[in-house]
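A.B. asks: Sequence first, then the predicted structure, then my questions.
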Amino acid sequence: MRTGGSNRSHLPLVVLLVTSLFLITLDLRGVSVTANSRSATQSFLAPIQRSVSDFFSPVGNFFTDVQNFGNTKAALKALQKENAKLRKKIVYKKDTKGQLVKLEKVLDLAGRGGYKVVSARVIGKGSSSTFSQTITIDAGTRDGVQRDMTVIGEFGVIGVVKSVTSTSAIVLLISDPTFRIGVRLARSQSVGVLMGEGDNNFTLQLLDPSGVIEKGDVLLSLGSDNNKPFVPGLPVGFVKTVSSSRATLTQVASVGIYSNLNSLGVVSVVLRSPNEDPKNSLVPIPIPIPTTTVYVTQSPEAVVTPDGVAKDQN
């Protein structure tokens, strides 16, 4: 029984083999029936091939899309990295350009006054452990910086060196509440003391009982013994308002300083002052007093007459 079943299962294969050999033989002999059979076979198989192709085409497209998506994603990441690098370069160039402008102004101020200075970048600001207003610069003893040296910005005094290492120094800013500096009025040569009050608030107390403070008076550094901690003749600030008080023997004024302490990028430490006091040679001209621009908008109903007077149409 097994042998008979096995023979029957092999019978279709034998028939197909014999038929194939028969068709090949006829084809070699040039019998046209083979071409007709091939044509018929192709006609029979064509719809099946198209169906199989249509069935598997989405699968092939899917894997192709997956491969393309991976390539696109990689290209997108590469573009994002390149854009990030370009943005960093742009920021670096702008920052460098700004520092160069400030450095040029600082060196110009020092050069006009005859001060020998060493320039440094601001690498830190403030301290989390204290309430003092300080900055850290990248110049130290190896650059000639010592404690109690005057530090200037592009428009004048911004602080004094309080501590120093071989490669860095901490500068106490002029705005610190503990900061005190002797000043003189460029107009009258009267002497006073400028005191920091935190942020951008400063107070001038005149030490000359006969002196008079006027709004807009320019304040210059008075100088200290052996030029420490302050060298003479540097711009410090200007008088904004004058306070009259009967309780004090001298006048008191509110002062604004020329330097913007919130945007210090490059500063210079004064290593040596000139042999002679620069006196008033460094008074800013014009005085860089911050101004506020006010924009006035005209009502649509108003008409300006030839004499310059605005009149309401209603």
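C.D. replies: Nice, I can see it.

A.B. asks: I'd like to know how far Ile137 sits from Asp176.
C.D. replies: Ile137 is 16 Å from Asp176, where distance means CB to CB, to the nearest Å. The way it works is simple: take the backbone N, C-alpha and C, and place the C-beta from them, glycine included.

A.B. asks: if you count what's nearby, which of these two comes out ahead?
C.D. replies: Between Ile137 and Asp176, Ile137 has the larger neighbour count (other CB atoms under 10 Å), namely 28 against 20.

A.B. asks: ok, the more buried one touching Val118?
C.D. replies: No: Ile137 sits out of contact with Val118 when judged by CB atoms under 8 Å, with a separation of 9.7 Å.

A.B. asks: which residues do those two both contact?
C.D. replies: Residues touching both Ile137 and Val118 by CB atoms under 8 Å, 6 or more residues apart in numbering: Val269.

A.B. asks: tell me the secondary structure for Gly192?
C.D. replies: strand (DSSP: H, G, I helix; E, B strand; the rest coil).

A.B. asks: can you count the residues close to it?
C.D. replies: When counting by other CB under 10 Å, one arrives at 26 neighbours for Gly192.

A.B. asks: Skipping adjacent residues, who's closest to it in space?
C.D. replies: Leu206 (4.3 Å; CB to CB, 6 or more residues apart in numbering).

A.B. asks: In contact with the one you found, which residues are there?
C.D. replies: Counting by CB under 8 Å, 6+ apart, Leu206 makes contact with 190-192, 213, 250-253.

A.B. asks: of those, buried ones?
C.D. replies: Neighbour counting by 16 or more other CB atoms under 10 Å classes 190, 192, 213, 250-253 among the contacts of Leu206 as buried.

A.B. asks: Sitting in strands, which of these do you find?
C.D. replies: Counting by DSSP state E, the buried ones among the contacts of Leu206 place 192, 252-253 in strands.

A.B. asks: between those, which is nearest Leu282?
C.D. replies: Gly192 (18.0 Å; CB to CB).

A.B. asks: pretty sure the closest one contacts Ile181?
C.D. replies: No: shown here, Gly192 and Ile181 do not form a contact pair, counting by CB under 8 Å, at 9.8 Å.

A.B. asks: where does the stretch 1-150 of the chain dip in pLDDT?
C.D. replies: Within the stretch 1-150 of the chain, the ranges that satisfy pLDDT under 70 run 1-70, 85-99, 127-131.

A.B. asks: 50 instead?
C.D. replies: Along the stretch 1-150 of the chain, segments meeting pLDDT under 50 span 34, 45, 52.

A.B. asks: same deal with the stretch 201-314 of the chain?
C.D. replies: Per-residue confidence for the stretch 201-314 of the chain (pLDDT under 50) gives these ranges: 289-310, 312-314.

A.B. asks: Turn the buried ones among the contacts of Leu206 into CSV, columns for distance to Thr167.
C.D. replies: Formatted as CSV, the buried ones among the contacts of Leu206 follow (distance: CB to CB, whole Å):
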residue, distance to Thr167
Ser190, 41
Gly192, 37
Ile213, 42
Thr250, 43
Gln251, 44
Val252, 41
Ala253, 40
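
A.B. asks: Could you point out which of those residues is nearest to Gly144?
C.D. replies: Taking CB to CB as the measure, Gly144 sits nearest to Gly192 out of the buried ones among the contacts of Leu206, at 31.1 Å.

A.B. asks: Would you mind measuring from that closest one to Val236?
C.D. replies: Using CB to CB, we find Gly192 at a distance of 11 Å from Val236.

A.B. asks: try Val171
C.D. replies: 15 Å.

A.B. asks: hang on, Arg112 in a helix?
C.D. replies: Yes: applying three-state DSSP, one finds Arg112 inside a helix.

A.B. asks: Please name the spatially closest residue to it (chain neighbours excluded).
C.D. replies: Nearest-residue entry for Arg112: Leu282, 6.2 Å, with adjacent residues in sequence omitted and distances by CB to CB, 6+ apart.

A.B. asks: what does Phe155 give?
C.D. replies: Tyr258 (3.5 Å).

A.B. asks: and the gap between the one you found and Asp225?
C.D. replies: Taking CB to CB as the measure, Tyr258 and Asp225 are separated by 25 Å.

A.B. asks: Counting neighbours, what do you get for the closest residue to Asn280 other than its chain neighbours?
C.D. replies: Using CB to CB, 6+ apart and skipping the chain neighbours, the partner closest in space to Asn280 is Ala186 (4.9 Å). By other CB under 10 Å, 19 other residues sit near Ala186.

A.B. asks: In this structure Ala186 contacts Val283, no?
C.D. replies: Yes: using CB under 8 Å, Ala186 is in contact with Val283, at 5.2 Å.
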